[in-house]
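Engineer: here are the coordinates; sequence isn't available:
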């Protein structure tokens, strides 16, 4: 009877130790799960913020491209105007000198 009682006590001690280990593992699991969940939430926020930043950057790029296109258009317009003014100046000089524009160009 005493031997069985000792065995039962030893068995109970082992079960209590095992139960304690299982409870510690369960607590650790809960902590890891909570940490994981927090990281997931932070990653989602970072992803959302990155998408918003990317969208803003794309909008800025498109705005820059529109400005570049407008500046190119303006530069072409100014070049045409300059050429027209040069032609007018050549005609005026030719008229002043009583010669044709092509004759003046040959002299140059």
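Structural biologist: Arrived safely, thanks for sending. Computed from a predicted model, the values in this text were never measured in an experiment.
Engineer: all helices for this protein, in order.
Structural biologist: For the chain, the helices defined by DSSP state H cover 2-97, 101-107.
Engineer: elements contacting the first one?
Structural biologist: Meaning helix 2-97. helix 101-107 (3 or more C-beta pairs under 8 Å, 6 or more residues apart in numbering; DSSP states H and E). (Glycine included, C-beta is placed from N, CA and C.)
Engineer: ok, and what's touching the helix it packs on?
Structural biologist: 87, 90-91, 93-94, 97 (C-beta atoms under 8 Å, 6 or more residues apart in numbering).
Engineer: Check the helices of the chain for me: which has the lowest mean pLDDT.
Structural biologist: Mean pLDDT values for the helices of the chain show the minimum at helix 101-107, a mean of 72.
Engineer: Name the residues of it that come out as buried.
Structural biologist: The neighbour-count check on helix 101-107 (16 or more other C-beta atoms under 10 Å) flags nothing as buried.
Engineer: quick revisit: pull out the buried members of the contacts of helix 101-107.
Structural biologist: 90, 94.
Engineer: Would you format the contacts of helix 101-107 as a markdown table with distance to residue 16 included?
Structural biologist: Output for the contacts of helix 101-107, formatted as a markdown table (distance: C-beta to C-beta, whole Å):
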| residue | distance to residue 16 |
| --- | --- |
| 87 | 105 |
| 90 | 109 |
| 91 | 111 |
| 93 | 113 |
| 94 | 115 |
| 97 | 119 |
